[in-house]
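In: Pasting the sequence and the predicted coordinates here, then a few questions.
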Amino acid sequence: MITNSGVIQRLRESEDYKDFFRNALADFGEKFGSEDIGNWDEDQKSEFFSHIEKEWTQEDPETDDGDIEEVCDDEEKKLRQAIRKEIASALRS
């Protein structure tokens with residue numbers, strides 16, 4: 001179950017994710033010659049999103065190992081996925 005503090009943490013995390021995503025977009029934009037994902041071919045998009053999935057980590061201060069996925073319940077995981085999809089969708093527009 002998501003608590004108020006859990007929601008606040010997810011909102012903070014979403015800002016961190018936006019920053020991470022934008023920085024990666026800028027880096028890959030330089031590499032591919034355009035920051036507009038719509039101008040990338042399927043291989044470039046795949047490389048970019050593979051990078052996002054592989055490199056995005058968020059330390060959880062409540063765990064020793066930093067693996068937040070192990071401590072999140074299903075609702076929190078769904079919220080995180082929804083936030084990531086929304087951010088990606090907004091940046092593609």
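Out: That came in fine, so what should we check first?
In: Helix or strand next in line after the helix or strand of the chain with the lowest mean pLDDT, which one?
Out: Ranked by mean pLDDT, DSSP states H and E, the weakest helix or strand in the chain is helix 68-71, scoring a mean of 52. Later in the chain than helix 68-71, the nearest helix or strand by DSSP states H and E is helix 74-92.
In: Assign a three-state SS to residue 34, would you?
Out: State at residue 34, reduced to three classes by DSSP: H, G, I helix; E, B strand; the rest coil: coil.
In: What residue, apart from its backbone neighbours, is nearest it spatially?
Out: residue 40 (7.0 Å; C-beta to C-beta, 6 or more residues apart in numbering). Bear in mind the C-beta positions are built from the backbone N, C-alpha and C, glycine included.
In: For that neighbour, what are phi and psi?
Out: Dihedral angles of residue 40 (phi, psi; degrees, to the nearest 10) stand at phi -90, psi 150.
In: Compute the distance between it and residue 76, please.
Out: 31 Å (C-beta to C-beta, to the nearest Å).
In: How many neighbouring residues does residue 15 have?
Out: When neighbours are counted by other C-beta atoms under 10 Å, residue 15 registers 9.
In: before we move on, what about residue 54?
Out: As a burial measure, residue 54 scores 8 neighbours (other C-beta under 10 Å).
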